[in-house]
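1. Build me a structure from this.
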Amino acid sequence: MTQIAQEYHISRTFLYQLSWAARYHLEDLFSDPQPLVEPPDFLLEPWILLLRLEGQCSIPSMSSIFKHFDYQPNSVGSLSESLRDYGRCVPSTLSMPHQKVVFYLSDEIFAIRTPILVTIDAQSTAILKIELASDRSAKTWETHFHDLGAHRFHSLGMASDRGVGLQAGYQAACQDGFWVCDQFHEFQDLLNRCHHLERKAYGAIGKEVEAAETFANAKSEANLQKRLEQYEQARQASERAIERYDQLNLLLGMLSEALYLCSNLGRLRTVEGVRSDLTVILSLMEEINDEKLPKLLKSIRSHMNDILVPFRQVERMHTDLLELMPEQRVDALVLAWNHDHLFYQSHGKKKYYHRRESDYWLTFCEGLLDDQFDELKVLVFEKLDSVVKASSLVEMVNSLIRPYLNSSKGQITQETLNLIMFYHNHRRYKSGKRQGKAPIELLTGEALQGDWVDLLIQHKREASTNASGASSPMLELVPSHHGQTTPSEILPDQAVCEPSADADPKWQPTDVEAA
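-> Residues are numbered from 1 along each chain as shown. Presented below is the predicted three-dimensional model:
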């Protein structure tokens with residue numbers, strides 16, 4: 001470069017500028033043409049749905065994320081409208097092509113002061129109906145259950161807490177069904193009292209330790225005697241507090257075992273047997289030196305018949321099973337089911353213990369039943385799984401809804417509830433006994449043909465086609481470029497389209513393509 005500059009009497013800076021300009025124009029002339037607008041890497045619709053439902057992001061947070069990456073559209077209003085359109089095209093109540101026998105789990109959750117009424121199926125955990133109601137009166141619940149009946153659901157029974165309107169509404173709408181009180185709510189006050197006594201015991205232990213340290217620091221004879229008396233009082237109070245907690249905790253463990261469907265030997269429990277065990281346990285609790293327990297136990301005794309309702313079903317089940325096989329084999333299969341059931345509720349070493357025990361008893365039954373083993377095992381397991389003692393599964397749905405209420409500051413719409421219902425029913429469980437299955441698959445027995453995001457987008461396309469006769473284009477995630485862009489620079493397939501409102505079409509969960 002120096003030789004050329006000296007030969008032509010030019011500066012090397014000017015020569016470098018000429019070289020750079022030549023290289024720039026040669027690359028521009030002889031390289032492959034590049035599109036003026038980069039093709040989008042993502043589709044906006046799945047991105048919005050995943051962030052809102054799977055990621056539980058608030059709409060303002062989603063707007064901030066899109067603005068950070070310069071994606072359009074990114075305003076709160078456009079994102080809200082897009083989600084609202086999706087909520088409009090999915091129903092708030094599932095519909096079956098034929099009558100479906102189910103067991104209801106129902107509950108109420110509040111968005112500020114507005115009640116949300118939820119009913120799920122006990123076996124599949126699918127949300128059957130979710131609605132933003134004006135109140136939670138018996139009439140509102142009755143209409144709720146009548147609507148489920150109109151969508152071809154027949155209720156064998158319902159488990160719930162003791163909500164007055166909920167109970168009265170179910171009894172008015174489903175007179176043939178029976179009501180099961182939720183055992184968690186029945187004994188929740190006892191559990192809370194046990195936790196309270198535990199905290200008092202630890203507090204008393206702390207005072208005893210403190211009194212011992214104070215005694216150790218005493219110097220004079222008079223002070224030593226005084227501190228010793230204080231320590232003795234703290235020790236006795238600590239022993240009484242520990243004794244109260246230990247007694248109640250032990251009896252609560254016995255109470256829990258008494259409510260199992262079978263004994264440790266696999267014998268299915270009877271109504272009178274459970275009544276007798278509960279009566280003895282409650283009497284022992286009443287002898288504990290605690291002023292709060294008598295009132296709590298009086299309430300439980302008054303609800304004894306409601307607590308025993310599931311065991312009437314167990315008695316009938318035991319009679320039916322004895323007609324198919326001897327009692328020894330029934331007990332062995334029941335014991336295998338019990339350990340399998342406890343396997344999913346345990347942790348650590350207990351979990352593996354119950355798995356080993358379940359496998360052992362299944363192997364034992366297989367040797368006794370030969371060719372009938374598979375059929376009878378499925379029969380026994382399905383019968384025992386159908387017994388409902390609590391409505392705790394509906395609390396899982398409440399915990400699913402709660403983050404969306406928090407992120408929207410309680411201002412939730414029916415369209416959002418519809419989306420949550422679709423998401424829950426079509427997402428596959430990642431762990432537990434339902435792992436790999438979606439609630440809608442367990443309810444209908446038909447496998448889904450795709451992920452919940454793809455199914456929701458497909459359903460909205462079909463709904464849009466049915467409503468307008470033409471499918472709307474996919475909403476695409478396009479990076480926004482600063483500055484103005486002329487119309488000729490935008491390719492036809494890269495335009496950003498705002499979704500339009502759709503009507504609420506008839507929809508059935510058994511239609512896989514429309515699921």
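
2. what's the helix or strand for residue 359?
-> Residue 359 is part of helix 349-369 when elements are defined by DSSP states H and E.

3. distance between that helix and the chain's centre?
-> Taking CA atoms, centre = their mean, to the nearest Å, one finds helix 349-369 lying 29 Å from the centre of the chain it belongs to.

4. any idea which helix or strand comes after the lengthiest helix in the chain?
-> Counting residues, the longest helix in the chain under DSSP state H turns out to be helix 221-258. On the C-terminal side of helix 221-258, the closest following helix or strand by DSSP H and E is helix 271-286.

5. any idea how far that next one is from the chain center?
-> The chain centroid and the centroid of helix 271-286 are separated by 33 Å, computed with CA atoms, centre = their mean.

6. That one to helix 221-258, inter-axis angle?
-> For helix 271-286 and helix 221-258, the angle between their directions (axes from the mean of the first three to the mean of the last three CA atoms, to 10 degrees) works out to 170 degrees.

7. got the buried residues for helix 271-286?
-> The neighbour-count criterion (16 or more other CB atoms under 10 Å) identifies 271, 274-275, 277-278, 281-282, 285 as the buried residues of helix 271-286. To be clear about C-beta, it is placed using only N, CA and C from the backbone, and glycine gets the same treatment.

8. what's the burial count for residue 55?
-> When counting by other CB atoms under 10 Å, one arrives at 12 neighbours for residue 55.

9. Mind pulling up the pLDDT for the residue nearest to residue 163 when sequence neighbours are not counted?
-> The shortest distance from residue 163 to any residue other than its chain neighbours is 6.3 Å, reached at residue 108 (CB to CB, 6 or more residues apart in numbering). At residue 108 the predicted local confidence, pLDDT, stands at 93.

10. got it, and residue 25?
-> Residue 25 is assigned a pLDDT of 79 by the prediction.

11. Check the offset of stretch 135-142 from the chain's centre.
-> With CA atoms, centre = their mean as the basis, stretch 135-142 stands 24 Å off its chain's centre.

12. Residues contacting that stretch, please?
-> 106, 108, 115, 117, 133-134, 163-166, 168-170, 172-173 (CB atoms under 8 Å, 6 or more residues apart in numbering).

13. Give me the subset of these lying in strands.
-> Restricting the contacts of stretch 135-142 to those inside strands, with DSSP state E as the criterion, leaves 106, 108, 115, 117.

14. In CSV: the residues you listed, plus neighbour count and distance to residue 438.
-> Shown next, in CSV, are the ones in strands among the contacts of stretch 135-142 (neighbours: other CB atoms under 10 Å; distance: CB to CB, whole Å):
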residue, neighbour count, distance to residue 438
106, 26, 21
108, 18, 25
115, 19, 27
117, 23, 23
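
15. immediately after the helix or strand hosting residue 46, which helix or strand?
-> Here residue 46, judged by DSSP H and E, is contained in helix 44-49. Going down the chain from helix 44-49, the next helix or strand is helix 59-68, by DSSP H and E.

16. which element follows that following helix toward the C-terminus?
-> Assignment by DSSP H and E places the next element after helix 59-68 at strand 71-72.

17. hang on, residue 448 packs against residue 458?
-> No. In this structure, residue 448 is not within contact of residue 458 by CB atoms under 8 Å, at 11.2 Å.

18. Neighbour count: these two, which is higher?
-> In terms of neighbours (other CB under 10 Å), residue 448 is the more surrounded of residue 448 and residue 458; the figures are 20 against 15.

19. Now do the same for that one: helix, strand or coil?
-> Here residue 448 is recorded as coil under DSSP: H, G, I helix; E, B strand; the rest coil.

20. okay, the buried residues of helix 271-286 in TSV with pLDDT next?
-> Shown next, in TSV, are the buried residues of helix 271-286 (pLDDT from 0 to 100):
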residue	pLDDT
271	95
274	95
275	95
277	95
278	95
281	96
282	95
285	95
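
21. Show me what the longest helix of the chain is packed against.
-> With contacts defined as 3 or more CB pairs under 8 Å, 6 or more residues apart in numbering; DSSP states H and E, the secondary structure elements packing on helix 221-258 are helix 183-216, helix 271-286.

22. avg pLDDT for the longest one?
-> Looking at helix 183-216 alone, the average pLDDT works out to 93.

23. Now do it: distance to the chain's middle.
-> On the basis of CA atoms, centre = their mean, helix 183-216 is displaced by 32 Å from the centre of the chain it belongs to.

24. Now do the buried residues in that helix.
-> 183, 185-187, 189-190, 193-194, 197-198, 200-201, 204-205, 207-208, 211, 215.

25. ok, now stretch 147-157?
-> For stretch 147-157, the neighbour count (16+ other CB under 10 Å) marks 147-148, 153, 155-157 as buried.

26. what about residue 132, neighbour count?
-> Taking other CB under 10 Å as the criterion, the count of residues near residue 132 is 17.

27. give me every residue that touches the closest residue to it other than its chain neighbours.
-> Once its chain neighbours are removed from consideration, residue 132 has its nearest residue in residue 414; the separation is 4.9 Å (CB to CB, 6+ apart). Under the criterion of CB under 8 Å, 6+ apart, the neighbours of residue 414 are 87, 92, 131-132.

28. gap between residue 414 and residue 280?
-> Noted for residue 414: a distance of 50 Å to residue 280, by CB to CB, to the nearest Å.

29. Pull out the CA atoms of stretch 78-94 and give them to me as PDB.
-> This file holds the C-alpha atoms of stretch 78-94, laid out as PDB (Å, rounded to 0.1, in the frame of the first residue of the first chain):
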ATOM      1  CA  SER A  78     -53.800  -5.800  21.500                       C
ATOM      2  CA  LEU A  79     -52.600  -8.700  23.700                       C
ATOM      3  CA  SER A  80     -55.700  -8.500  25.800                       C
ATOM      4  CA  GLU A  81     -58.000  -8.500  22.700                       C
ATOM      5  CA  SER A  82     -56.100 -11.500  21.200                       C
ATOM      6  CA  LEU A  83     -56.600 -13.500  24.400                       C
ATOM      7  CA  ARG A  84     -60.200 -12.400  24.700                       C
ATOM      8  CA  ASP A  85     -60.800 -13.700  21.200                       C
ATOM      9  CA  TYR A  86     -59.400 -17.100  22.200                       C
ATOM     10  CA  GLY A  87     -61.600 -17.200  25.300                       C
ATOM     11  CA  ARG A  88     -64.700 -16.500  23.300                       C
ATOM     12  CA  CYS A  89     -64.200 -19.400  21.000                       C
ATOM     13  CA  VAL A  90     -63.900 -22.100  23.800                       C
ATOM     14  CA  PRO A  91     -66.800 -23.000  26.000                       C
ATOM     15  CA  SER A  92     -67.200 -22.700  29.800                       C
ATOM     16  CA  THR A  93     -69.000 -26.000  30.000                       C
ATOM     17  CA  LEU A  94     -67.900 -29.300  28.500                       C
END
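
30. ok, and for that stretch, which residues are buried?
-> 78-80, 82-94.

31. do the same with stretch 305-319
-> Burial within stretch 305-319, assessed by neighbour count using 16+ other CB under 10 Å, is assigned to 307-311, 313-314, 317-318.

32. Distance to residue 332 added to the helices and strands packed on helix 221-258, as a markdown table?
-> Converted to a markdown table, the helices and strands packed on helix 221-258 look like this (distance: least, CB to CB, whole Å):
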| stretch | distance to residue 332 |
| --- | --- |
| helix 183-216 | 27 |
| helix 271-286 | 20 |
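
33. of all the ones you listed, which lies closest to residue 393?
-> Between residue 393 and the helices and strands packed on helix 221-258, the shortest separation by CB to CB is 10.8 Å, and it involves helix 183-216.

34. quick one, phi/psi of residue 100?
-> Torsion angles at residue 100 (phi, psi; degrees, to the nearest 10) stand at phi -120, psi 120.

35. Next one: the residue nearest to residue 132 relative to residue 363, how far apart?
-> When distance is defined by CB to CB, residue 414 is 52 Å away from residue 363.

36. Could you do residue 109 as well?
-> Using CB to CB, one gets 44 Å for the distance from residue 109 to residue 363.

37. So for the two, which residue has more residues nearby?
-> With other CB under 10 Å as the criterion, residue 109 and residue 363 differ in neighbour count, and residue 109 comes out ahead with 18 against 11.
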